[in-house]
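Trainee: output the structure for:
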Amino acid sequence: MNRHFVKALAVGVGLMASQASHAGVYTDDLGRCLVAHTSEQDRIQLVRWIFLVAALHPAVSDISQVSSAERDTADRGMAELLVRLMTDSCGKQTHDAVQYEGPQAIETSFGTLGQVAMRGLMSDPHVTAGFAGFSKYLDNDKLKAVMAPGK
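Mentor: From the prediction side, this is the model:
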């Protein structure tokens, strides 16, 4: 059972990058419930957990050092958040979504929550400025040339 929810959450978080979501009515209800029952602090906790998990990838692990204690604290907090949302806050919606639309409903619904949480992160002025940082190195002449009409 735990393995199923861990996989569902991981896939759901991965889905947050996807714009196309084919959810049924019960999955949509669960996604709305998850979003409605999370605070800004809950969403920050989710984003921090996503960051810590992504930092495990070999391509970025050398630029992000996370202690075992920090990772364990984040995992514990994520487990508590997941259980609270799926049982206390959105128990009926979780049951109905899984009952009528299958376990992928959890994946899609948590993907919706992940999208909302990431939107909050990305709208921070520091993050926005960070995304623009590379633009000072762009070769604007080359970009204009390739996008010119008749090209």
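
Trainee: specify the local secondary structure of the residue nearest the centre of the chain.
Mentor: Closest residue to the average C-alpha location of the chain: Gly114 at 2.9 Å, with Cα atoms, centre = their mean. Gly114 falls in the helix class when you classify it by DSSP: H, G, I helix; E, B strand; the rest coil.

Trainee: Cys90 and Leu30 touch, don't they?
Mentor: Yes - between Cys90 and Leu30 there is a contact at 6.1 Å, judged by Cβ atoms under 8 Å. The C-beta positions use only the backbone N, C-alpha and C, and glycine is treated the same way.

Trainee: higher neighbour count, the two?
Mentor: Just comparing Cys90 and Leu30: by other Cβ atoms under 10 Å the higher neighbour count belongs to Leu30, 30 against 24.

Trainee: quick one: contacts for that one?
Mentor: Neighbouring residues of Leu30 by Cβ atoms under 8 Å, 6 or more residues apart in numbering: 90, 93-94, 96-97, 105-106, 109.

Trainee: which SSE is it in?
Mentor: Using DSSP states H and E, Leu30 falls within helix 25-36.

Trainee: likewise for Trp49?
Mentor: helix 40-54.

Trainee: how far off helix 40-54 does the next helix or strand after that helix point, in degrees?
Mentor: Beyond helix 40-54 on the C-terminal side, the first helix or strand identified by DSSP H and E is helix 68-83. Here the directions of helix 68-83 and helix 40-54 differ by 130 degrees (axes from the mean of the first three to the mean of the last three Cα atoms, to 10 degrees).

Trainee: alpha carbons of helix 68-83, in PDB - could you do that?
Mentor: Presented in PDB, the C-alpha positions along helix 68-83 are these (Å, rounded to 0.1, in the frame of the first residue of the first chain):
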ATOM      1  CA  SER A  68      20.300  13.000   5.900                       C
ATOM      2  CA  ALA A  69      18.600  14.700   8.800                       C
ATOM      3  CA  GLU A  70      17.200  17.400   6.500                       C
ATOM      4  CA  ARG A  71      16.000  14.800   4.000                       C
ATOM      5  CA  ASP A  72      14.400  12.800   6.800                       C
ATOM      6  CA  THR A  73      12.700  15.800   8.200                       C
ATOM      7  CA  ALA A  74      11.300  16.700   4.700                       C
ATOM      8  CA  ASP A  75      10.200  13.100   4.100                       C
ATOM      9  CA  ARG A  76       8.400  13.000   7.400                       C
ATOM     10  CA  GLY A  77       6.700  16.300   6.800                       C
ATOM     11  CA  MET A  78       5.600  15.100   3.300                       C
ATOM     12  CA  ALA A  79       4.200  11.900   4.700                       C
ATOM     13  CA  GLU A  80       2.200  13.800   7.300                       C
ATOM     14  CA  LEU A  81       0.900  16.200   4.700                       C
ATOM     15  CA  LEU A  82      -0.100  13.400   2.300                       C
ATOM     16  CA  VAL A  83      -1.900  11.400   5.000                       C
END
